[in-house]
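S.K.: A predicted structure for the sequence below; I have some questions about it.
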Amino acid sequence: MKPTNAGMSPWIRALLAGAAVIGGCAAMSDTQCRSADWYEVGYRDAIFGLQPQDGVYAHQCAGASVDLARYVQGWREGKWEFDSRMRKD
């Protein structure tokens, strides 16, 4: 019999996904920092249930320009999507 996650709480699934993302995150290179779509980075962080990581990226990308306004915009929209998905389950 295969185990399933059908009965798993949405919050537990979100926490597991977030842990996988955080555990798998590597520091961004200078090239990645300079070419990042900061809206998408923020959206992705929020959709995985992460708190805003703008301070982390600002530190990692100290030599590159981080568009914090676009990051926050993406994070807010991703957070709205994340919250609406959690309400449906």
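M.R.: Ah, there it is. Just so we're clear, the structure is a prediction, and the values are computed from it rather than from any experiment.
S.K.: Return the helix or strand in the chain with minimum mean pLDDT.
M.R.: Among the helical and strand segments of the chain, the one scoring lowest on mean pLDDT, DSSP states H and E is helix 10-24, with a mean of 53.
S.K.: Moving C-terminal from that helix, which element do we reach first?
M.R.: Following the chain from helix 10-24 toward its C-terminal end, the next helix or strand by DSSP states H and E is helix 30-35.
S.K.: Which strands and helices lie in contact with the helix or strand just after that next one?
M.R.: The helix or strand immediately downstream of helix 30-35 is helix 38-47, counting by DSSP H and E. Counting contacts by 3 or more Cβ pairs under 8 Å, 6 or more residues apart in numbering; DSSP states H and E, helix 38-47 is packed against helix 54-60, helix 68-88. Any C-beta I mention is one placed from the backbone N, CA and C, and that applies to glycine too.
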